[in-house]
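Visitor: whatever this is, show me its structure:
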Amino acid sequence: MALSEDIRDALSEVYDPEIPVNIVDLGLVYTIEVEEDTGSAHIEMTLTSMGCPIADSIKRNVTVAAESVEGVSDVAVELVWEPPWGPEKATESGKAKLESMGIRVPNYDDEGEADPAGPETPF
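Guide: Numbering: from 1, shown residues only. The predicted structure is shown next:
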């Protein structure tokens, strides 16, 4: 397994304390780039809001988790705001967890447009 996948697995143990879903399933991690020869990692991620009061804590937890991966020597975490986060960025597992908490996750068609009817229900 490549170091970037090992890092992604480690980041699945980092949670946004306000939403009990890990940052990978929330879709907060955008890119993980690793120089395999040096073990230097660069992680681009976002947060659920720009004014997140615990941004430094989440960044620190991401750094610690990534550094715990064997072969990783250095980690840089960059917070980015484009594209902005929305619940549609979550994985299927993350979407299910969000919906179980009452957070609506819009359906999107193939052109990326929201379905105004919302999620399909079996009844």
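Visitor: let me see the ranges of the strands in the chain.
Guide: Using DSSP state E, the strands of the chain run over residues 15-16, 19-22, 29-35, 40-45, 74-79.
Visitor: who does the fourth one pair up with?
Guide: Based on DSSP bridges, the strands next to strand 40-45 in the sheet, each with its direction, are strand 29-35 (antiparallel), strand 74-79 (parallel).
Visitor: out of the strands of the chain, flag the one nearest Ser4.
Guide: Among those, the nearest to Ser4 by Cβ to Cβ is strand 29-35 (4.4 Å). C-beta: built from backbone N, CA, C; applies to glycine.
Visitor: before we move on, the earlier item: so which of the strands of the chain gets nearest Asp56?
Guide: Across the strands of the chain, Asp56 has its closest neighbour in strand 74-79 (9.9 Å, Cβ to Cβ).
Visitor: buried sites along the closest one?
Guide: Neighbour counts using 16 or more other Cβ atoms under 10 Å place 75, 77, 79 of strand 74-79 among the buried residues.
Visitor: contacts for that strand?
Guide: The contact list for strand 74-79 (Cβ atoms under 8 Å, 6 or more residues apart in numbering) reads 38-47, 55, 59, 62-63, 66-67.
Visitor: let's see that with 7 Å instead.
Guide: If you take Cβ atoms under 7 Å, 6 or more residues apart in numbering as the criterion, strand 74-79 is touched by 39-47, 55, 59, 62-63, 66-67.
Visitor: any stretches of the chain with poor pLDDT?
Guide: 1, 108-123 (pLDDT under 70).
Visitor: tell me which residue is most central in it.
Guide: Centroid-nearest residue in the chain, with Cα atoms, centre = their mean: Leu28, separated by 2.5 Å.
Visitor: isn't it right up against Leu47?
Guide: Yes - Leu28 is within contact range of Leu47, at 6.5 Å (criterion: Cβ atoms under 7 Å).
Visitor: picking up where we left off before, could I have the buried ones of the contacts of strand 74-79 as ChimeraX selection syntax?
Guide: To isolate the buried members of the contacts of strand 74-79 in ChimeraX, using 16+ other Cβ under 10 Å:
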select :39,41,43,45,46,47,59,62,63,66
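Visitor: ok, of the contacts of strand 74-79, which one's closest to Ile32?
Guide: Ile43 (5.3 Å).
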